[in-house]
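> with the sequence up front, the predicted model follows.
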Amino acid sequence: MESGCWLVALAGVDGRQYVYRVYAPEDALPADLFWEAWHCHDEGPFPRAWDLFDAAEIRRASRSGSRLHF
């Protein structure tokens, strides 16, 4: 199983979008990618991010750069 890099964009309560790089297998579940990024954001210094899976944008950063939007 090949590992890859994903970009996960989370909407913040301050109206900004915060993007996190998540390293995971290419067959990783979108929900797992979302929670990994959300927990990273939650522990950081930035204003709170919405914990809405539907508002997240997930993009594969390596290979084809395919985009998943939920």
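Arrived safely, thanks for sending.
> make it CA atoms for all contacts and neighbour counts henceforth
Noted.
> separation between the residue nearest to the spatial centre of the chain and Arg16?
Among the residues of the chain, the smallest C-alpha distance to the mean C-alpha position (Cα atoms, centre = their mean) belongs to Val8, namely 2.1 Å. In this structure, Val8 and Arg16 are 14 Å apart, going by Cα to Cα, to the nearest Å.
> same check on Glu36?
For Glu36, the distance to Arg16 under the criterion Cα to Cα works out to 19 Å.
> between those two, which one's more packed in?
Ranked by neighbour count (other Cα atoms under 10 Å), Glu36 and Arg16 place Glu36 first, with 17 against 12.
> contacting residues around the more buried one?
Residues touching Glu36, when contacts are defined by Cα atoms under 8 Å, 6 or more residues apart in numbering, comprise Val22.
> that one in helix, strand or coil?
Look at Glu36: counting by DSSP: H, G, I helix; E, B strand; the rest coil, its state is helix.
> if I look at it, how far off is Val8?
With distances taken as Cα to Cα, Glu36 is found 9 Å from Val8.
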